[in-house]
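J.: got a structure for you, letters missing:
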Ligand SMILES: Cc1ncc(COP(=O)(O)O)c(C=O)c1O
């Protein structure tokens, strides 16, 4: 039976991790991985999370199922964090939260929901986008279309994006990154969000906003600008949310599928479908991550601690972006890479070519994805000068 099955190549990033491990250069630098790293190259457990876990271990009373929609407290905290405590959508009871196994699980729920309830509609993804967007929607059988996002000079191609959005057939779904666009780091400004909203309204599109990095760009509320603008003005939208990055609980698989409907009645209709989608996929979501998040939000002290640590992570990344451009100045490359300081989130489309990326790996043991996407959090005060010097070597 298994004999005709073909082996497929593994994930490119996993291959990169393997190569990095085998490299014995003591100066090697990993800018490929997709997780936050601190100054020591460690993906730390946040102190607020550790504290919440200690509390959970002693207080937890049962391991019974938590239900297809997950923990209602968790859902309610996520809705408030995403839309803001005073959101009209929440006051009108038009938003439904379904806890999911990570942001990926939320995206898969969205994909299955689109395939089963909005059949015939295509989803439009930015080009480039997080590669798994393609995998998840394809696996669910949703037709995928693309809109441009980056121009040939490695800048946000907003004009190209807009032209494409204006051509999208009425009723199709458009996936937008709320902030910290992965893989490019190019985000929309307020005016651009307004323009996107206008087109979404004109064409009657359904936005699916992927919100995997709230708090990693400019702040929890600042990063929610686009999501909240759309939520305030539109009748319907989908948001897929993740706590993997902003709580650093990647492996606990903690996310949320959110649907906003025209009214409570229709929201409940959609919600009833989501319970079935979740049940058929994995029955119930895992409980540990959502319990951590709810425990933190239940305590003023832990919430304050979490804010402080999230600020620390964000400030570190944004400082590294500045330091990187400053570090390239002595090499006369600061202008060429000035966009890195403007981008937001962990990732940067550096503009380095595939050949330059290969040369960085082969000559200097600096690892990043072939597209020239670097994880800025892989930089540190210890390796920054080395990386800048190596870039100067391969660029010149
Ligand atoms: C744009 C984007 N969306 C969603 C996710 C899903 O994150 P997770 O499933 O780990 O919560 C990621 C993770 O890298 C991402 O970059």
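T.: Perfect, I can see it now. Nothing here was measured: the structure is a model prediction, and the numbers come from that model.

J.: Check which element follows the lowest-mean-pLDDT helix or strand in the chain along the chain.
T.: Sorting the helices and strands of the chain by mean pLDDT, DSSP states H and E puts helix 12-22 at the bottom, at a mean of 86. Scanning forward in sequence from helix 12-22 by DSSP states H and E, the next helix or strand is strand 29-30.

J.: Of all the residues in the helix or strand just after that following strand, which ones are buried?
T.: Counting by DSSP H and E, the next helix or strand C-terminal to strand 29-30 is helix 47-59. By 16 or more other CB atoms under 10 Å, the buried positions in helix 47-59 come out as 48, 49, 51, 52, 53, 55. Glycine gets a C-beta too; all of them are placed from N, C-alpha and C.

J.: Can you list the buried residues in stretch 216-234?
T.: Quick answer for stretch 216-234 (16+ other CB under 10 Å): 216-220, 223-228, 230-231, 234.

J.: Next: stretch 285-305.
T.: Those buried within stretch 285-305 under the rule 16+ other CB under 10 Å are 285-287, 289-297, 299, 302, 305.

J.: Look up how far the ligand lies from residue 52.
T.: According to CB to the nearest ligand atom, to the nearest Å, residue 52 stands 18 Å off from the ligand.

J.: can you check residue 339 too?
T.: Distance from residue 339 to the ligand, by CB to the nearest ligand atom: 19 Å.

J.: who's in contact with that residue?
T.: When contacts are counted by CB atoms under 8 Å, 6 or more residues apart in numbering, residue 339 touches 154, 155, 186, 351.

J.: One more pass at 10 Å, please.
T.: Residue 339 makes contacts with 153-156, 184-186, 321, 325, 348-351, as judged by CB atoms under 10 Å, 6 or more residues apart in numbering.

J.: Out of these, who's the most crowded?
T.: Each of the contacts of residue 339 was scored for neighbours by other CB atoms under 10 Å, and residue 348 scores highest at 30 neighbours.

J.: That residue belongs to a strand, doesn't it?
T.: Yes: counting by DSSP: H, G, I helix; E, B strand; the rest coil, residue 348 is part of a strand.

J.: Give me the pLDDT for it.
T.: As predicted, residue 348 sits at a pLDDT of 97.

J.: Please state the offset of stretch 253-272 from the chain centre?
T.: Stretch 253-272 sits 20 Å away from the centroid of its parent chain (CA atoms, centre = their mean, to the nearest Å).

J.: For the remainder of this discussion, apply numbering that starts at 292.
T.: Yep, numbering from 292; the last one is stretch 544-563 now.

J.: Could you tell me the end-to-end distance of that stretch?
T.: End-to-end distance for stretch 544-563, by CA to CA, to the nearest Å: 22 Å.

J.: Pull out the buried positions in that stretch.
T.: For stretch 544-563, the neighbour count (16+ other CB under 10 Å) marks 544-552, 557-558, 561-562 as buried.

J.: same thing with stretch 324-332?
T.: Buried-residue list, stretch 324-332, by 16+ other CB under 10 Å: 324, 325, 327, 328.

J.: Now compare those and name the two farthest from each other.
T.: 325 and 328 (10.6 Å; CB to CB).

J.: residue contacts, residue 372?
T.: 502, 505, 506, 511, 512, 515, 532, 534, 537, 547, 584, 588.

J.: repeat for residue 645
T.: 660, 661, 662, 663.

J.: pLDDT score assigned to it?
T.: 95.

J.: Also residue 368?
T.: Residue 368 is given a pLDDT of 98.

J.: Show me how this structure divides into domains.
T.: 303-336+593-686, 356-589 (automatic domain parsing).

J.: quick revisit: rebuild the contacts of residue 630 as TSV, extending it with distance to residue 350 and secondary structure.
T.: TSV is the format used below for the contacts of residue 630 (distance: CB to CB, whole Å; DSSP: H, G, I helix; E, B strand; the rest coil):
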residue	distance to residue 350	secondary structure
444	55	coil
445	50	coil
446	51	coil
447	47	strand
475	43	coil
476	40	coil
477	43	coil
612	40	helix
616	47	helix
639	41	strand
640	45	strand
641	46	coil
642	50	coil
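
J.: excluding its backbone neighbours, what's nearest residue 545?
T.: Spatially, and ignoring its direct neighbours in sequence, residue 545 is nearest to residue 580 (3.0 Å; CB to CB, 6 or more residues apart in numbering).
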